[in-house]
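> this one's structure only:
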């Protein structure tokens, strides 16, 4: 906690510094809309690294690395998102790797509506899963908001497959929905909230990801992310509510 406190102090210090930049966040949830950038470019891509504090099934301090590769072409925005965490528990010293991979394509019908498809993979033994694979397609809309805010929603059907640490496998149709909100508080400071839920006949997994990002210098940003994950039917022996708090540096392409 002492290290996290130092990180929070650093974030508050950076927020007070004058700067000019746009927010680049690393979304930890498994679905998010991508806003088109300049055509034929990789603008919006980023890499990040930092520290993570977990609560719930485990109390641990970790290091994490993530990256987003994003390419815009006409109405299409294609992306590949990856996150890796190395976790060590305080109780037993057990070391576990957490991995998240996602490919996504978004087709913008017009400035207000879009279609998407995605495939993602999660490996998270601390929360009780050897793997979770989810594929989905869907429709979304951008809601009219004040100039410094963005709000969108999306929903669609999919297929969910998982194996828990007890080697119990499940394959189910799924329905998912998400709401994404961003607020440019200042030109150098941005707040974001992503609320997502994936429902199957076995479980409803809800993920809330809250982010705060500020510019340090040039393309370098400091990001504070808090994620709460709830499973209403978690694997046997596991709690259903877990949190991930990350403080990281991000470099925007």
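Cool, got the structure. Bear in mind that the values here come from a model prediction, so they are computed numbers and not experimental data.

> the strands in the stretch 151-253 of the chain, which residues?
In the stretch 151-253 of the chain, the segments counted as strands under DSSP state E, counting those that start in this stretch are 169-186, 189-199, 204-217, 220-231, 241-252.

> check which strands are paired with the second one and give the direction for each one.
Read it as strand 189-199. When pairing is defined by DSSP bridges, strand 189-199 lines up against strand 169-186 (antiparallel), strand 204-217 (antiparallel).

> now those strands in TSV, with mean pLDDT?
Listed next are those as TSV, based on pLDDT from 0 to 100:
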stretch	mean pLDDT
strand 169-186	93
strand 204-217	91
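
> residue 69 is nearest to which of those strands?
Proximity to residue 69, assessed across the strands paired with strand 189-199 by C-beta to C-beta, is greatest for strand 204-217 (18.7 Å). C-beta: built from backbone N, CA, C; applies to glycine.

> and that closest one, what's buried?
When burial is assessed from 16 or more other C-beta atoms under 10 Å, strand 204-217 yields the following buried residues: 204-216.

> ok, stretch 182-193 next?
For stretch 182-193, using 16+ other C-beta under 10 Å, the buried residues are 182-184, 188-192.

> do the same with stretch 98-111
By neighbour count, with 16+ other C-beta under 10 Å as the criterion, the buried positions of stretch 98-111 are 98, 100, 102-104, 106, 108.

> just to revisit the earlier point, looking at the strands of the stretch 151-253 of the chain, which is closest to residue 82?
Going by C-beta to C-beta, the one of those nearest residue 82 is strand 241-252, 13.7 Å.

> show me what the closest one pairs with in its sheet, parallel or antiparallel.
Listed by DSSP bridges, the sheet partners of strand 241-252 and their directions read strand 46-55 (antiparallel), strand 220-231 (antiparallel).

> about what we covered before: let's have the strands of the stretch 151-253 of the chain in TSV, adding distance to residue 47.
Formatted as TSV, the entries for those read as follows, by distance: least, C-beta to C-beta, whole Å:
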stretch	distance to residue 47
strand 169-186	21
strand 189-199	18
strand 204-217	14
strand 220-231	11
strand 241-252	5
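
> compare the ones you listed and give me the one nearest residue 84.
For the strands of the stretch 151-253 of the chain, distance to residue 84 was read as C-beta to C-beta. The smallest value, 12.0 Å, belongs to strand 241-252.

> wait, residue 238 touches residue 166, no?
No. Shown here, residue 238 and residue 166 do not form a contact pair, counting by C-beta atoms under 8 Å, at 9.9 Å.

> who has more neighbours, these two?
In this view residue 238 and residue 166 are compared by other C-beta atoms under 10 Å, and residue 238 has more residues nearby, 18 against 11.
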